[in-house]
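>>> return atomic coordinates for the entry below.
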Amino acid sequence: MVLRNFAVLAAAVGLTACASSTFQASWRAPNAEPLQVQGSKVAAVAMMDQEAARRDAEDTLARELTLRGAVGVPMYQIFPDAAPTDEAAARAALEREGFAGLVVLRPIDTTQEVVSTPMYSGPYYSMYWGGYYGYGWGMPWGMGFGVGDVHTNTVVSVETLVYSLRQNMLVWGGQSEQTNPASVSKLVTDTARKVARELERQGLIVAAP
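Residues are numbered from 1 along each chain as shown. Sure thing, here's the model as predicted:
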């Protein structure tokens, strides 16, 4: 199921206690040059239906961009009265304010996986002769394991794209997964940090001193 409304996620993560994340895949434009983001305006975009969750995500992403030397601005602040899907209005607002780049997050999938831990039930007899020997050979394929801890993991997949608006070109793209995110803000923060580290590793941005 495609996760476009983070209300679904908010309900799910309330049932989980821990989180982990993995970076699944990424792509870099062959001719991509390091982004000059120091002191430049970079828009933070979260493509979500729910307005409150979208604003929360864009605020979080903008903070992470600012921590890395850019001037991160949430997209909802750039044209607050326009519909997010209005491409012409979005482009006009960004070009009017001289934005150099844009980072967009889009949740693309959420899945539930049930995980169980086997629990050994213990021997049926304390004696081998006159006890377990007859039982074991009478039921040679019996399993001495029961079901122990059973819990459900929520796995959220997020697509992240980095665009140079000066060239109107995709510079980098990647897909990440996070298991049991504690909140929308935590999911966005972890994703933004992970993307920033990857961009720094590939030499696309320079970490702020």
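>>> now do the strands in the protein.
Under the criterion DSSP state E, the chain contains strands at 20-28, 41-46, 71-74, 101-120, 145-164, 169-179.
>>> let's have those in CSV, adding mean neighbour count and distance to residue 187.
Any C-beta I mention is one placed from the backbone N, CA and C, and that applies to glycine too. Compiled in CSV, the strands of the chain are given as follows (neighbours: other C-beta atoms under 10 Å; distance: least, C-beta to C-beta, whole Å):
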stretch, mean neighbour count, distance to residue 187
strand 20-28, 13, 8
strand 41-46, 25, 10
strand 71-74, 20, 16
strand 101-120, 15, 8
strand 145-164, 17, 6
strand 169-179, 19, 6
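>>> how many residues are close by residue 129?
Residues near residue 129, counting by other C-beta atoms under 10 Å, number 8.
>>> scratch that, residue 40 is what I was asking about
Residues lying near residue 40 (other C-beta under 10 Å) number 16.
>>> do you know how far it is from residue 201?
Distance, residue 40 to residue 201, using C-beta to C-beta, to the nearest Å: 21 Å.
>>> same thing with residue 64?
Where residue 201 is concerned, residue 64 sits at a distance of 16 Å (C-beta to C-beta).
>>> got it, and residue 176?
Counting by C-beta to C-beta, the gap from residue 176 to residue 201 is 14 Å.
>>> for the chain, give me the ranges with low pLDDT.
The model of the chain has pLDDT under 70 over residues 1-23, 118-126, 133, 140-148, 206-209.
>>> start to end distance for stretch 80-87?
Start and end residues of stretch 80-87 are separated by 14 Å (C-alpha to C-alpha, to the nearest Å).
>>> for stretch 89-105, that is, sorry about that
Stretch 89-105: ends 19 Å apart by C-alpha to C-alpha.
>>> nearest to residue 83, out of the strands of the chain?
Closest of those to residue 83 is strand 41-46, at 13.6 Å (criterion: C-beta to C-beta).
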